[in-house]
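Enquirer: A predicted structure for the sequence below; I have some questions about it.
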Amino acid sequence: MPKGKRAAIGILIVTQIGVMTLWFSTAAGLADMAAEAGLPPARLAWLTTAVQLGFALGAVGYALLGLADRFDPRRVFAVSALVAASANLALLAAPIGGTEAVLLRAVTGAALAGVYPVGMKIAVGWGTTDRAFLVSALVGALTVGSASPHLIALFGGADWRATILVTSLLAAAGGLAVLTIGLGPNHAKAASFDPGAVQLVWTNPRIRLAVIGYLGHMWELYALWAWVGVIALGAFQASGLASATDAAKALAFGAIAIGGLACFPAGHWADRIGCERVALLAMVISGAAAVASAAAYGGPAWLVAVLVIVWGAAVIPDSPQFSVLVAEAAPPERVGSLMTIQTALGFLLTAGTVQAAPLLADAVGWPGVLLAMALGPAVGVAAMERLGRLKAAMREA
């Protein structure tokens, strides 16, 4: 990798990690916030659900306005990061779980739509034959950033406000740092949002299968990320572990962060053996880990921890592969619009799964929720198998 490219991607990864700490800044302190305010987890779940909805709407809005094309994407990234950091910091003055807090989280999500997708656009401008790896690297950065609030919360103890403050500062620093990088030789304007591209999601079989696989992946991803700390705490308490609270925070960080690290080798292999194969393998492992975690819930703490770590390692490396699969199958002038549609559909779905998880847990327990999460990978595996056969038939023809 050329020196200039290596420096740009390295800085971009670090800035992405800093800004994406905002995503789960409240989820990391959910149990502490609930105890302080006397609110049920289902109420506080809106603090994460609002981010999902805000991101989905923000992604469409950024695309409709063509902000990353009309302006320097680095400046779009920086301004978006600073807005998101400010909204996150304002949580310190809002009532816990109140309407103001939910709205601030929605603003944070909408602003993050100018960070993650725009970061991928900057990264792709540096790539040609290694785009799967570059996109995977950015998804890995998103994942590590999403995990970091749990680590911050672990060292901050029960003071969830410290997590909010630190994540806001990291995001602001990341937003400013991105202004120091250059744009790659392949940087170009993406197509503006094309509502007519929606029909290709249904009429183009390769795109349809890639989107179905992505939705299966998203079904489990954010439900796990949002609730892994609560899931781990319940499992550890049921097993009688003395340090259940600290162990749950540590496991939540480790389970999410390890997935970010797994994105790098996954992207490397996807450029060589095919994105659909990597995605299929990841979903087979994550689905099996979800079922095994449900069976082990309340059992030996070490077994639960191992299974959740395996699940976390497999739950995210497939994500960038779906974006690349859509880009491969789409007409060049509609790639941007189709990826926007794919992302918006996925995050709208996660808003439902994140909000429904604690309600389902009240009815059937967390092991039942874990089994329900495994349905998404099952659907995704079926879609990737069909896509693999379709691509093989096209090559033979």
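Expert: Great, that's in hand.
Enquirer: excluding its backbone neighbours, what's nearest Ala288?
Expert: Ala374 (8.0 Å; C-beta to C-beta, 6 or more residues apart in numbering). Any C-beta I mention is one placed from the backbone N, CA and C, and that applies to glycine too.
Enquirer: should've said Ala257
Expert: Nearest non-adjacent residue to Ala257, counting by C-beta to C-beta, 6+ apart: Ala147, 3.9 Å away.
Enquirer: For the one you found, the count of nearby residues, please.
Expert: Using other C-beta atoms under 10 Å, Ala147 has 28 other residues around it.
Enquirer: same check, this time on Thr15
Expert: 30.
Enquirer: so it makes contact with Ala172?
Expert: No: Thr15 is beyond contact range of Ala172, at 10.8 Å (criterion: C-beta atoms under 8 Å).
Enquirer: any residues in contact with both of those two?
Expert: Residues touching both Thr15 and Ala172 by C-beta atoms under 8 Å, 6 or more residues apart in numbering: Ala81.
Enquirer: can you give me phi and psi for the residue nearest to Ala288?
Expert: Here is the backbone geometry of Ala374 (degrees, to the nearest 10): phi -70, psi -10.
Enquirer: Please determine how far it is located from Cys275.
Expert: Distance of Ala374 to Cys275, given as C-beta to C-beta, to the nearest Å: 22 Å.
Enquirer: which of those two has more neighbours?
Expert: Cys275 (30 against 21).
Enquirer: Next, find the distance separating that one from Ala8.
Expert: 24 Å.
Enquirer: Let me see the contact set for Leu241.
Expert: By C-beta under 8 Å, 6+ apart, the contact list for Leu241 reads 247, 301.
Enquirer: Does Ile9 touch Gly125 like I think?
Expert: No: assessed by C-beta under 8 Å, Ile9 is found out of contact with Gly125, at 10.4 Å.
Enquirer: quick one: which of these two has more around it?
Expert: Ile9 (22 against 18).
Enquirer: ok, then the element right after the helix or strand hosting Thr15?
Expert: When elements are defined using DSSP states H and E, Thr15 is found to belong to helix 3-20. Next helix or strand after helix 3-20 toward the C-terminus (DSSP H and E): helix 30-37.
Enquirer: Can I get that following helix in CSV, CA atoms only?
Expert: Provided in CSV are the C-alpha atoms of helix 30-37 (Å, rounded to 0.1, in the frame of the first residue of the first chain):
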residue,chain,number,x,y,z
LEU,A,30,-28.1,1.7,30.2
ALA,A,31,-28.2,-0.3,33.4
ASP,A,32,-26.8,2.6,35.5
MET,A,33,-29.2,5.1,33.9
ALA,A,34,-32.1,2.7,34.5
ALA,A,35,-31.2,2.4,38.2
GLU,A,36,-30.7,6.1,38.7
ALA,A,37,-34.0,7.1,37.0
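Enquirer: which parts of it are buried?
Expert: Residues 30-34 are the ones in helix 30-37 that count as buried (16 or more other C-beta atoms under 10 Å).
Enquirer: what's the helix or strand that it is followed by in contact with?
Expert: Per DSSP H and E, helix 30-37 leads on to helix 41-44 as the next helix or strand towards the C-terminus. Helix 41-44 is contacted from outside by 26, 30, 33-34, 37, 96-97, 230, 355, 358-359, 362, using C-beta under 8 Å, 6+ apart.
Enquirer: Distance to Ala327 and pLDDT added to these, as a markdown table?
Expert: A markdown table is the format used below for the contacts of helix 41-44 (distance: C-beta to C-beta, whole Å; pLDDT from 0 to 100):
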| residue | distance to Ala327 | pLDDT |
| --- | --- | --- |
| Thr26 | 33 | 84 |
| Leu30 | 36 | 76 |
| Met33 | 39 | 82 |
| Ala34 | 41 | 80 |
| Ala37 | 44 | 81 |
| Ile96 | 41 | 86 |
| Gly97 | 39 | 83 |
| Val230 | 36 | 89 |
| Gln355 | 31 | 86 |
| Pro358 | 36 | 89 |
| Leu359 | 36 | 90 |
| Asp362 | 41 | 90 |
